[in-house]
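Asks: got a predicted model here, sequence first, then my questions.
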Amino acid sequence: MSEQAYEVIIVGSGAGGSAAAYGLVKAGRRVLLLEKGGQLPRDGSTLDVKQVFAEGRFKNRQSWVDNQNRQFIPGEFHNVGGKTKWYGAALLRFAPHEFEADPDHKCLGWPIGYDELAPYYEQAESLLAVTRFDNEPELQQLIERILASDPAWRADALPLGLKREILEHPEEAKHFDGFASACGFKSDAEWNLLDALRGESNFRLMPHTTATGLLYADGDPAQITGVVGADGGSYRAGAVILAAGAMSSPRLLQDHLEVTGLGDCLPSAPLVGANFKLHANSALLGFSPFKKTDLLRKTAIFFNEHYPHSTVQCLGWMDGEILATQLPAAVPRFVARAMGARAYGFFVTTEDGSHADNRIISCGGHGGLPVLDYELGRLPPAQQEHQGLIRAFESALRKAGLLGVSRYMGLAGTAHALGSLVTGDDPETSVVDADGRVHGMQGLYVADGSVLPRSSRVNPALTIYAWGLRLGDYLTNGALR
Ligand SMILES: Cc1cc2nc3c(=O)[nH]c(=O)nc-3n(C[C@H](O)[C@H](O)[C@H](O)COP(=O)(O)OP(=O)(O)OC[C@H]3O[C@@H](n4cnc5c(N)ncnc54)[C@H](O)[C@@H]3O)c2cc1C
């Protein structure tokens, strides 16, 4: 395809970008997908604990600062498929009520209801082959004890993007949560969406290509006509979709508003980067006196009626080698091995709500570093619910014979970075309209987790895939110039 031939340029190949690309390409649209990172190796190195966790070989190295100008490196991944390559493939729908505003918990509402996204949830579940597994014996016993400890607890099977064959491949079954599959046993944006587009004449994926700016019509910075790459290339199309993730898409738009002066007159400009959400996430390890041998583990999710914005999810395999990467180096290996063999991992999540001061600021820190100004303390209902839930789950574990130890993921734990370009009907309170178009601009859309006004009590990827598929559909059905 020649450069002029593109109808749509998508920036970023994670959940949202790949889903939008899938819908558009399958509908015959000519699409260019720019991805900052390269394709991950499929040689097994992405399953190796030492390379993945101890050495951080595949992590990004971009420094950010917090609101005290303290540097940190967020847990972002720049590779084809984005963070979906590393996710735990827990692919859940948000509940219908989680599309409504919840002022008491500081949650904004969506401009669309659950029913509008439902067909795209269904399509995403089918493309990602979402399935449920039976609980293994030790987990089943633990669940029974937890439910017996307090009737407020309920456990459901966790919908997972995993092929059943993974159970016959222990190396993959032990290393899918936080690792990237070498054989496609875990569904992700690359294996399940982009691989299905390879070879299509109307699709071009350009890895190792970072978008650094937006092109616009002569004298009209509100009309976007393409993208500038770090390679110096100019890529033009009738529509540009930002899908660089909730920490990067708002920075591209902020830079454009700043450089062109458009920010002075665009009503939604002050909200670009604002309302950033992270979920209140904590890792919780339950230590048992006995060795644990379940393989897959991550097959159940807990709800508690006293903590309606929260869930507790089982994590994948744990052993001494993995645990050692999270412990101080002074802890002897044999201790880590003994503890790891007796540990069950859980992921405690609470919806954090939105605060306008929780925001991303492009180049706002020392040395022009990007700023993540986020404090969970600005959202007291979420903070209190999260702490209460951890106490309740640790108590349930104690009654089941396990000692719980938890750790809040903090700012660098950006796995669930969301909501920095929120969607809504009003340009004074949102950045992107209900169709995914940036308010007050032409030719610019957003497909990634930036748009989420609410983060819900469960993981976000399925909702981002669904939003991306819906945007692809919208553009296909007439919105393209
Ligand atoms: C360890 C881990 C476990 C997780 N587990 C789960 C889970 O079990 N279930 C779940 O639902 N979610 C999970 N998540 C979260 C999930 O992966 C993300 O919510 C989802 O991938 C976000 O999709 P996205 O499209 O918004 O952004 P991303 O997936 O981050 O994709 C953004 C892409 O844009 C690229 N990019 C950035 N800037 C540029 C630029 N300037 N030019 C070109 N390309 C650019 C990036 O390299 C990246 O590929 C997990 C995440 C992690 C890290």
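Replies: Structure received.
Asks: the residue of the stretch 1-150 of the chain found nearest the ligand: neighbouring residues, count only.
Replies: Nearest to the ligand, among the residues of the stretch 1-150 of the chain, is residue 14, at 2.0 Å (CB to the nearest ligand atom). Bear in mind the C-beta positions are built from the backbone N, C-alpha and C, glycine included. Using other CB atoms under 10 Å, residue 14 is surrounded by 33 other residues.
Asks: shouldn't it be in contact with residue 84?
Replies: Yes - Residue 14 is within contact range of residue 84, at 5.8 Å (criterion: CB atoms under 8 Å).
Asks: between the two, what contacts are shared?
Replies: Common contacts of residue 14 and residue 84 (CB atoms under 8 Å, 6 or more residues apart in numbering): residue 189.
Asks: can you pull out the strands in the stretch 351-481 of the chain?
Replies: 359-361, 371-373, 403-408, 444-446 (DSSP state E, counting those that start in this stretch).
Asks: helices and strands around the second one, which ones?
Replies: It refers to strand 371-373. For strand 371-373, the packing partners by 3 or more CB pairs under 8 Å, 6 or more residues apart in numbering; DSSP states H and E come out as strand 64-65, strand 359-361.
Asks: ok, and the closest non-adjacent residue to residue 15?
Replies: residue 464 (4.2 Å; CB to CB, 6 or more residues apart in numbering).
Asks: that neighbour and the ligand, how far apart?
Replies: Residue 464 sits 5 Å away from the ligand, going by CB to the nearest ligand atom, to the nearest Å.
Asks: surely that residue meets residue 16?
Replies: Yes - the criterion here is CB under 8 Å, and residue 464 meets it with residue 16 at 4.8 Å.
Asks: list residues touching both of these two?
Replies: Joint contacts of residue 464 and residue 16 (CB under 8 Å, 6+ apart) are 447-449.
Asks: go ahead and flag the most central residue of this structure.
Replies: residue 416 (4.4 Å; CA atoms, centre = their mean).
Asks: let me see the contact set for it.
Replies: Applying CB under 8 Å, 6+ apart, the residues near residue 416 are 277-279, 281, 349, 449, 455, 459-460.
Asks: so which of those residues reach the ligand?
Replies: 449, 459-460 (CB under 6 Å from any ligand atom).
Asks: can you redo the residues you listed as JSON lines with distance to residue 439 and pLDDT?
Replies: Shown next, in JSON lines, are these (distance: CB to CB, whole Å; pLDDT from 0 to 100):
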{"residue": "449", "distance to residue 439": "18", "pLDDT": "98"}
{"residue": "459", "distance to residue 439": "28", "pLDDT": "98"}
{"residue": "460", "distance to residue 439": "22", "pLDDT": "98"}
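Asks: inside helices: which ones of those residues?
Replies: Secondary structure from DSSP state H places none of these in helices.
Asks: which one of these sits closest to residue 316?
Replies: residue 459 (13.5 Å; CB to CB).
Asks: wait, that closest one sits on residue 349?
Replies: Yes - between residue 459 and residue 349 a contact is recorded at 7.4 Å, counting by CB under 8 Å.
Asks: who touches both of those two?
Replies: With CB under 8 Å, 6+ apart, residue 459 and residue 349 have common neighbours 313, 416.
Asks: what's across from the residue lying closest to residue 315 once chain neighbours are set aside in the sheet?
Replies: What sits nearest to residue 315 in space, not counting adjacent residues and going by CB to CB, 6+ apart, is residue 345, at 3.3 Å. The partner list for residue 345 in beta bridges (DSSP bridges) reads residue 285.
Asks: gap between the closest residue to residue 421 other than its chain neighbours and residue 405?
Replies: Spatial nearest neighbour of residue 421, excluding adjacent residues (CB to CB, 6+ apart): residue 450 at 3.9 Å. To residue 405, residue 450 is 34 Å away according to CB to CB, to the nearest Å.
Asks: higher neighbour count, these two?
Replies: Taking neighbours as other CB under 10 Å, residue 450 and residue 405 compare with residue 450 leading, 32 against 14.
Asks: residues in contact with that one?
Replies: 242, 245-246, 249-250, 418-422, 432.
Asks: again, 6 Å this time
Replies: 246, 249, 420-421 (CB atoms under 6 Å, 6 or more residues apart in numbering).
Asks: try residue 390
Replies: Residue 390 touches 348, 406, counting by CB under 6 Å, 6+ apart.
Asks: what does residue 143 give?
Replies: 155, 300.
Asks: quick one: is the top strand by length along the chain near the ligand?
Replies: Criterion DSSP state E: the longest strand present in the chain is strand 220-229. No - applying CB under 6 Å from any ligand atom, one finds strand 220-229 separated from the ligand by no less than 7.9 Å.
Asks: who are the packing partners of that strand?
Replies: Counting contacts by 3 or more CB pairs under 6 Å, 6 or more residues apart in numbering; DSSP states H and E, strand 220-229 packs against strand 211-217, strand 234-236.
Asks: just confirm yes or no for the shortest one near the ligand.
Replies: No - using CB under 6 Å from any ligand atom, strand 234-236 stays clear of the ligand, with a minimum separation of 11.0 Å.
Asks: pull out the buried positions in that strand.
Replies: 235-236 (16 or more other CB atoms under 10 Å).
Asks: so which other helices or strands are in contact with the helix or strand that that strand is followed by?
Replies: Where DSSP states H and E defines the elements, the next helix or strand beyond strand 234-236 is strand 239-242. Secondary-structure packing of strand 239-242 (3+ CB pairs under 6 Å, 6+ apart): strand 8-11, strand 444-446.
Asks: distance from strand 239-242 to the middle of the chain?
Replies: Relative to the chain's own centre, strand 239-242 is displaced by 19 Å; criterion: CA atoms, centre = their mean, to the nearest Å.
Asks: what's the following helix or strand after it?
Replies: From strand 239-242, the next helix or strand downstream (DSSP H and E) is helix 249-260.
Asks: hang on, the earlier thing: how far away is the residue nearest to residue 421 from residue 340?
Replies: 36 Å.
Asks: hmm, back to that, return the distance of the longest strand of the chain from the chain's centre.
Replies: 26 Å.
Asks: quick check: buried residues in that strand?
Replies: 221-222, 224-227, 229.
Asks: which other helices and strands contact the host helix or strand of residue 311?
Replies: In the assignment (DSSP H and E), residue 311 maps to strand 310-314. Strand 310-314 is packed against strand 300-304, strand 343-350, helix 380-399, with contacts defined by 3+ CB pairs under 6 Å, 6+ apart.
Asks: how about the last one, which residues are buried there?
Replies: Going by neighbour count (16+ other CB under 10 Å), the buried part of helix 380-399 is 381-383, 385-386, 389-390, 392-394, 396-397.
Asks: can I get those residues in CSV including distance to residue 133 and pLDDT?
Replies: As requested, the buried residues of helix 380-399 are exported to CSV (distance: CB to CB, whole Å; pLDDT from 0 to 100):
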residue, distance to residue 133, pLDDT
381, 34, 98
382, 30, 98
383, 33, 98
385, 29, 98
386, 27, 98
389, 25, 98
390, 26, 98
392, 26, 98
393, 22, 98
394, 26, 97
396, 22, 97
397, 22, 97
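Asks: which one of the residues you listed is nearest residue 475?
Replies: Nearest to residue 475 among the buried residues of helix 380-399, with distances taken as CB to CB, is residue 382, at 34.5 Å.
Asks: I'm done for today, thanks for sticking with me.
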